[in-house]
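S.K.: Could you work out the structure for the sequence below:
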Amino acid sequence: MLRKILLGLAAAIGVLLVVIATRPAEFHIERSTVTSAPAERPFALVNDFRQWALWSPFERLDPAMKKSFEGAPSGVGAVYAWSGNDDAGEGRMTIEKAVAPSVVGIKLEFTKPFAATNTATFTFTPAPGGTKVTWAMDGKNSFGGKAASLFMDLDKMVGADFEKGLAALKAVSEKAGSVQ
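M.R.: Okay, the predicted model is just below:
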C-alpha cells in the first residue's frame, strides 16, 4: 500500500515538473495610455532617473529606500541603483537606448528578492489628442519563475503597477512646466 502511495506521489511530482518545464520561457507585459502632452514631456520624465520619483509607483514601495545615480545624468549610460525593504527589493537600471522623443530602452537588473534581468521599453508615439505612451517589460522565466506562474499572474500584478505609473506620468506630463 505504501509503495502504491509513493509511486502515485512520484508520478504526480513528475507530471507537475513536466507542466512547469513546458510553461513559456519568455514573458511580455505591456500597458499604454494617451497624454495630451507633447512626447518631449513624458520622454524627459522617463529618460532622467532622477525624475522617476515624480511618477513611478515603485518609488513609493519604501520611503527609506537608498538610491544612487551614476553615469550620464540622463539618456544612454544613466544608471539608477536602489536598495530597499522586501517590497522594493534591490537592483539597478541602465538606460541603453534613448531616441528623443520616441523611445527609452532600459536594462533592468534585480538582485533581491530574486535575481533577474529584464528589458523595459518606453515608447512615445503620436496619437489623436497627444502622445501614446507605452511601458513594456520583456524577460525570460527561470524554472522557478515558470513554477510561480502557475499560481501568480505576473502580467496582472506588474501590469497594475504599470497602469498606476502611466496614470501618474500622464498627470505630471500634462502639468505646465513639469519638466525641469
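
S.K.: what about the strands in the protein?
M.R.: With DSSP state E as the criterion, the chain has strands at 26-35, 66-70, 79-83, 90-99, 103-112, 116-127, 130-140.

S.K.: Show me what the first one is packed against.
M.R.: To tie it back to what came earlier, the one meant is strand 26-35. strand 130-140, helix 154-174 (3 or more Cβ pairs under 8 Å, 6 or more residues apart in numbering; DSSP states H and E). Any C-beta I mention is one placed from the backbone N, CA and C, and that applies to glycine too.

S.K.: check contacts around Pro116.
M.R.: Pro isn't right for residue 116; it's Ala. By Cβ atoms under 8 Å, 6 or more residues apart in numbering, the residues touching Ala116 are Glu109, Phe110, Gly139, Ser142, Gly145.

S.K.: Same check on Pro38?
M.R.: Counting by Cβ under 8 Å, 6+ apart, Pro38 touches Pro101, Gly130, Thr131.

S.K.: Leu2 now?
M.R.: By Cβ under 8 Å, 6+ apart, the contact set of Leu2 is empty.

S.K.: Please verify my assumption that Phe114 contacts Gly144.
M.R.: Yes - with contact defined as Cβ atoms under 8 Å, Phe114 counts as touching Gly144 (7.5 Å).

S.K.: hey, which helix or strand in the protein has the poorest pLDDT?
M.R.: Here the helix or strand of the chain ranked lowest by mean pLDDT, DSSP states H and E is helix 143-148, holding a mean of 67.

S.K.: and the residue sitting nearest the centre point of the chain, bridged to which residues?
M.R.: For the chain, the residue nearest the mean C-alpha position is Met137 (5.3 Å; Cα atoms, centre = their mean). With DSSP bridges as the criterion, Met137 is bridged to Ile29, Ala120.

S.K.: ok, it touching Phe58?
M.R.: No - contact between Met137 and Phe58 fails when scored by Cβ under 8 Å: they sit 11.8 Å apart.

S.K.: shaky segments in this protein?
M.R.: 15-21, 24, 143, 146-150, 176-180 (pLDDT under 70).

S.K.: what do you get if the cut-off is 90, keeping everything else the same?
M.R.: By pLDDT under 90, the low-scoring segments of the chain are 1-27, 60, 113-116, 129, 139-159, 176-180.

S.K.: Sweet, I'm off.
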